[in-house]
Structures are given as structure tokens and as C-alpha cells.
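Q: Sequence unavailable; structure follows:
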């Protein structure tokens, strides 16, 4: 059975090394920062220098054991107001 010269396995077996194509990959930051709304900061590697998130493992109710109430009533009222406004346009 002849090995396909275009597969990675055959390249590794023969010791061939291929470089990545230039100018097609996004910028890679080895010192990227992730900031949570709770104030916790994580350092990692990413294609974005800084990222902001709303909830992390430090403040998520599943990991903390504390229940966090979310303002669902405000969302419902906002939705109903949109519906009422849409009906009035008809």
C-alpha cells in the first residue's frame, strides 16, 4: 500500500516539515487578558488582546453555590412593550 504524499502522517514519517502560509492567520497574542464583570481577571493566549465577559467560573452560580437572580421581569416588560408598539403601527 502506497502512502499518500499529501497527508500529515506521511509527512511526519518522512521527516518533511512544512511552514504555515504567511499573511493568512490572525494576530496571536500570548499575553491576552479576559476580564469578568465580577472583577476577576484571567491571563491566557488568544487572537484578541482583551476580552470582556459577563460571567465566569468565579461568579457563576453553579460553581459558587449561590443563587443569582436575573431581572427576567424587566425583559418580559420590554418584550411586551415592543409587541404593543408593533401592533399600534398596524
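A: Done, it's in. Quick caveat: nothing in here was measured; it's all calculated off a predicted structure.

Q: I'd like to know how many residues surround the nearest residue to residue 37 once chain neighbours are set aside.
A: Spatially, and ignoring its direct neighbours in sequence, residue 37 is nearest to residue 54 (5.0 Å; CB to CB, 6 or more residues apart in numbering). C-beta here means a position set from N, CA and C on the backbone, and glycine is covered the same way. Residue 54: 8 surrounding residues under other CB atoms under 10 Å.

Q: ok, residue 54 touching residue 35?
A: No: using CB atoms under 8 Å, residue 54 is not in contact with residue 35; the gap is 10.5 Å.

Q: and residue 50, what pLDDT?
A: Model confidence at residue 50, given as pLDDT, is 95.

Q: Correct me if wrong: it contacts residue 31.
A: No: counting by CB under 8 Å, residue 50 stays clear of residue 31, with 10.4 Å between them.

Q: re earlier: distance check, the residue nearest to residue 37 against residue 36.
A: 7 Å (CB to CB, to the nearest Å).

Q: longest strand of the protein?
A: Secondary structure of the chain per DSSP state E: the longest strand is strand 29-36.

Q: remind me which residues of this structure are low pLDDT?
A: Across the chain, the ranges flagged by pLDDT under 70 are 1-18, 20, 63, 67-73, 90.

Q: Cheers, nothing more for now.
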